[in-house]
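[1] coords please:
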Amino acid sequence: MLTIYPAIFHNEDNSFWVEFPDLDGCQTYGSTLPETMSSAQEALGLYISSLLEDNVELPKPSDISALKPDKNSFATLVSVDANKYRRNTKAVKKTLSIPAWLNEEAEKQHVNFSSILQEALKQELSLK
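    Predicted coordinates for the structure are as follows:
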């Protein structure tokens, strides 16, 4: 699930810190701009996945043009695939039925049924 929120990057004392105005308490920092962007993506991913796991509705992202950063700051959009940060990755067993001929062909080709099903479900649910 691709999630995009505006962020404000602040440059202070040759390092950076970032805040997400729509996400109370979601902040991080870094020594360089690339490091800070990476940290911002991680912070956003963890924050969003936490809300999703708690069944909390995601706040609507602000219009980035409405943000007014000071002279040592800038606003930008940060995107992340929140599914990469979901903690509930415990596997569950599912029983399913397929035609015998299809099973035989798949087994001949050493198909990993679990992997195929996971990829098909992600595609069907638009989670890639």
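
[2] name the residues that touch the helix ranked longest in the chain?
    Under DSSP state H, the helix in the chain containing the largest number of residues is helix 33-53. By C-beta atoms under 8 Å, 6 or more residues apart in numbering, the residues outside helix 33-53 that reach it are 1, 3, 5, 7, 9, 15-18, 20, 23, 26-30, 57-58, 78-88. No exception for glycine: its C-beta is placed from N, CA and C like everyone else's.

[3] could you check how many residues crowd around the closest residue in space to K84 that isn't next to it in sequence?
    Of all residues not flanking K84 in the chain, G45 sits nearest, at 6.1 Å (C-beta to C-beta, 6 or more residues apart in numbering). Residues near G45, counting by other C-beta atoms under 10 Å, number 20.

[4] quick one: least confident helix or strand in the protein?
    Among the helical and strand segments of the chain, the one scoring lowest on mean pLDDT, DSSP states H and E is helix 113-124, with a mean of 86.

[5] quick one on the thing from earlier: from A82, how far off is the residue nearest to K84?
    Computed with C-beta to C-beta, to the nearest Å, the distance linking G45 and A82 is 5 Å.

[6] quick revisit: neighbouring contacts of the least confident helix or strand of the chain?
    Here helix 113-124 makes contact (C-beta under 8 Å, 6+ apart) with K94, L96, A106, L127, K128.
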